[in-house]
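>>> just a sequence and a predicted model for now, questions to come.
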Amino acid sequence: MSGSVRGGVSGEVRITVTRTLTKDQQARRERLLEAARELADEGGYQAVTMHDVADRAGVARATVYRYFATKDHLLTEVAATWAHRVTADIDALAVGDTPTERLTSLLERIVEIASGELTLTSAIIQAVTSDDPSVEDARTVLFLFVRDRLSAAIGDPVPDRDAVEIVLGHTLLAALVALTSLRRPLDEVTYMVRTSGRLVLAGALASEQQGPEARTTS
């Protein structure tokens, strides 16, 4: 089965090939993801090996490679499951009467959850930002999902929406890198996403008020 995937950062379109899994294969894949998540949560990036993932999931070691090309590919898929879990109840996370309030509420909550699961978050961020080629498609799908969640939080129409979502996605990624790799304090990172979200939306709305000519000449 083939399908097109729009690039999460650049907006480009690539053709990817996927396969439909049987119920047993899907269950096996989920066991592998859960095993990798547990290992990452317990010991971080270094604790996750394809050998140990297979053993914990109760499958043959060669089986892991039928679903995931590399460790970073596996952990990027773990990142996707983490993102789905964290943002599952978007209405409870994106609280507020205005797009800015809803957006910043969501961004702050994601950062807070990440801070509470710092070992796991650090592992998946290291994988997501890897230059491993096998990560690219999974990372694109993840970024598109994050963009969708950000868009849902904003709710109301905003000009240059694609650009706004991309900038906010990069902002969130930078915040998680600051939290994990740079070990910046939670209050600092929370302030970062709150301020960035507010400024990005304010800039987009200001350009709308100035009209299309101002946007093309700026």
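Right, received. Where do you want to start?

>>> can you give me the buried ones in stretch 129-144?
129-130, 132, 134-144 (16 or more other C-beta atoms under 10 Å). C-beta coordinates here come from the backbone N, C-alpha and C atoms, glycine included.

>>> let's have these in a markdown table, adding pLDDT and distance to Ser196.
Shown next, in a markdown table, are the buried residues of stretch 129-144 (pLDDT from 0 to 100; distance: C-beta to C-beta, whole Å):
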| residue | pLDDT | distance to Ser196 |
| --- | --- | --- |
| Thr129 | 97 | 19 |
| Ser130 | 97 | 24 |
| Asp132 | 97 | 28 |
| Ser134 | 96 | 31 |
| Val135 | 97 | 25 |
| Glu136 | 96 | 26 |
| Asp137 | 96 | 28 |
| Ala138 | 97 | 26 |
| Arg139 | 97 | 21 |
| Thr140 | 96 | 22 |
| Val141 | 96 | 24 |
| Leu142 | 97 | 20 |
| Phe143 | 97 | 17 |
| Leu144 | 96 | 20 |
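
>>> among the residues you listed, which are in helices?
Those of these mapping onto helices are Glu136, Asp137, Ala138, Arg139, Thr140, Val141, Leu142, Phe143, Leu144, per DSSP state H.

>>> so for the helix or strand containing Glu42, what gets flagged as buried?
With secondary structure defined by DSSP states H and E, Glu42 is part of helix 23-43. Within helix 23-43, the residues that qualify as buried are Arg28, Arg29, Arg31, Leu32, Leu33, Ala35, Ala36, Arg37, Glu38, Leu39, Ala40, Asp41, counting by 16+ other C-beta under 10 Å.

>>> in this protein, what residue spans correspond to helices?
23-43, 50-57, 61-67, 71-86, 90-93, 99-116, 118-128, 136-154, 161-180, 186-210, 212-217.

>>> which other helices and strands contact the second one?
Judged by 3 or more C-beta pairs under 8 Å, 6 or more residues apart in numbering; DSSP states H and E, helix 50-57 is in contact with helix 23-43, helix 61-67, helix 71-86.

>>> next, the angle from it to helix 23-43.
110 degrees (axes from the mean of the first three to the mean of the last three C-alpha atoms, to 10 degrees).

>>> quick one, helix 50-57 and helix 71-86 angle?
On the basis of the same axes, to 10 degrees, helix 50-57 is oriented at 50 degrees to helix 71-86.
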